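> Turn this into a model:
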Amino acid sequence: MSKKFSKEEFRLNLSLLNTDINVNSEYLYEVYSDVFDGLSEISNNKQTGQVFDIHNMELIFYILGEYLYSVRGLSEEQINKFVENENIKDSMCNVVADKYLSLSIYNHVQSKLTNKYFPPISSMELYVNLMLNVINKGQIKDKDNALLIDFLNKTLSIARCILKQLCDGYETEAFALWRTLHECECVLILLDKYKETVLPTYIKHMQYGMVFRQGESENELNNKIFALLKEDMKSHDLKSKDMKKFIEYGWLLAIPDVKNLENFKLNFRDGVETLAGLHAYSDIYMTSSEILHGSPLLIYSNKTYFHLLTVLNLYESFFRIEKVFESLFFPKISNEAKEQYLQMKKLYFVQLLSIHKREAENFKAYTSKK
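Residues are numbered from 1 along each chain as shown. A predicted model of the protein is given here:
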């Protein structure tokens, strides 16, 4: 059984958290003490058989979170009234106790097929983390490719989210998120390949999208952009009914000779995905879309199948994203930073390729049994 903090121990641990605002430690200790005593009574109840340890710091985090959220934006006078209100304090004690019991002691945990220490997860996360650090250190000032760099940053963040979902046992949800990753990688490939012609057009269509969502208004700038949008559509012989798809995919028209391509359309599957050279993933993308839109496939899914499928496609997407990363950053970083990255790649990229090969074999073996 955990030992209850003394008031001095409580204050010391609270001071180590470095909160942005001054907190009433006396008040917080009263809440802590009441909650700790209540939880101890529950844990020591032999009739219920509920025996658990109370983790002091975790309990303090719950209390501090409730307090800071409650007093945020209040004046000093209002905070004093808050602290003096016994009903509020009792309510906070009940809320903290309920959250601690529900989320820390009896928290529902999905059955898991992997964890963050397993090489297919840890090796990928190590590499993604390194790339995110390179992007976010801010050492590279590249105004011309700022949007592309931001897009790459968000794409890698999505890849990391997929890894975390897999670790938490949410395989179908991870595969649904891969759909977004796939859309991002396709756009990245095209923006990187046709920077000079497509990137300015893509930015223009971002403006179109923002104005379209706001609707017609008295804003003079918005009205000018709306007028440009209509003129732009007219130049491509598009009607009003085509406005939404033009806003979303019209930037593809900036790709040289795109209109001469057979079966080209202003959509993802016959436009973005095909032009990025990834139409072979169309069926997998559609399966991910089914899950995303709440089909029976989402409810009655095979955890192992979607775990293997997600890992496999995540790796393949990552390999393509890494190429865009090199294309963007290698011309900009120092020779020393470049050498460090290449040394890391020499060691870990080979491992990623080996893991992908093994996971592909696992997926093939698993599906051949079904």
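
> ok, now which ones touch the nearest residue to residue 74 once chain neighbours are set aside?
With sequence-adjacent residues excluded and distances taken as Cβ to Cβ, 6 or more residues apart in numbering, residue 74 is closest to residue 82, at 6.7 Å. Where C-beta positions appear, they are placed from N, C-alpha and C, glycine not excepted. By Cβ atoms under 8 Å, 6 or more residues apart in numbering, the contact list for residue 82 reads 70, 71, 74, 88.

> Over to residue 204?
Applying Cβ under 8 Å, 6+ apart, we find residue 204 in contact with 232, 251.

> How much space separates it from residue 153?
From residue 204 across to residue 153, the span is 22 Å (Cβ to Cβ, to the nearest Å).

> where does this structure dip in pLDDT?
Applying pLDDT under 70 to the chain flags the ranges 1, 19-21, 46-49, 138-141, 216-218, 370.

> Where is the longest helix in it?
The residue-count maximum for a helix in the chain (DSSP state H) belongs to helix 335-369.

> What helices and strands are in contact with that helix?
Contact here means 3 or more Cβ pairs under 8 Å, 6 or more residues apart in numbering; DSSP states H and E; on that basis helix 335-369 packs against helix 119-136, helix 303-329.

> mind listing what's buried in the last one?
I take that to be helix 303-329. Judged by neighbour count (16 or more other Cβ atoms under 10 Å), helix 303-329 contains these buried residues: 305-318, 320-322, 324-325, 327-329.

> now do stretch 201-212
By neighbour count with 16+ other Cβ under 10 Å, stretch 201-212 contains the buried residues 201, 202, 204, 205, 208, 211, 212.

> residue ranges for the helices of the stretch 151-300 of the chain, please.
171-193, 195-214, 220-235, 243-249, 274-275, 282-292, 296-299 (DSSP state H, counting those that start in this stretch).

> before we move on, back to that, buried ones in the longest helix of the chain, by neighbour count?
337, 341, 352, 355, 356, 359, 362, 363.

> can you check stretch 122-142 too?
In stretch 122-142, counting by 16+ other Cβ under 10 Å, buried: 123, 124, 125, 127, 128, 131, 132, 134, 135, 140.

> wait, which of those is closest to residue 109?
Each of the buried residues of stretch 122-142 was scored against residue 109 by Cβ to Cβ, and residue 125 proved nearest at 20.3 Å.

> and the closest residue to that closest one other than its chain neighbours, what does it touch?
Among residues not flanking residue 125 along the chain, residue 163 sits closest, at 5.3 Å (Cβ to Cβ, 6+ apart). By Cβ under 8 Å, 6+ apart, residue 163 lies in contact with 116, 121, 124, 125, 128, 314.

> Check residue 58 too.
100, 104.

> cool, residue 135 as well?
149, 152, 153, 156, 329.

> can you do 7 Å?
When contacts are counted by Cβ atoms under 7 Å, 6 or more residues apart in numbering, residue 135 touches 149, 152, 153.

> roughly how far apart are it and residue 71?
Residue 135 sits at a distance of 36 Å from residue 71 (criterion: Cβ to Cβ).

> how much distance is there from stretch 238-247 to the middle of the chain?
Put simply, stretch 238-247 sits 30 Å off its chain's centre (Cα atoms, centre = their mean, to the nearest Å).
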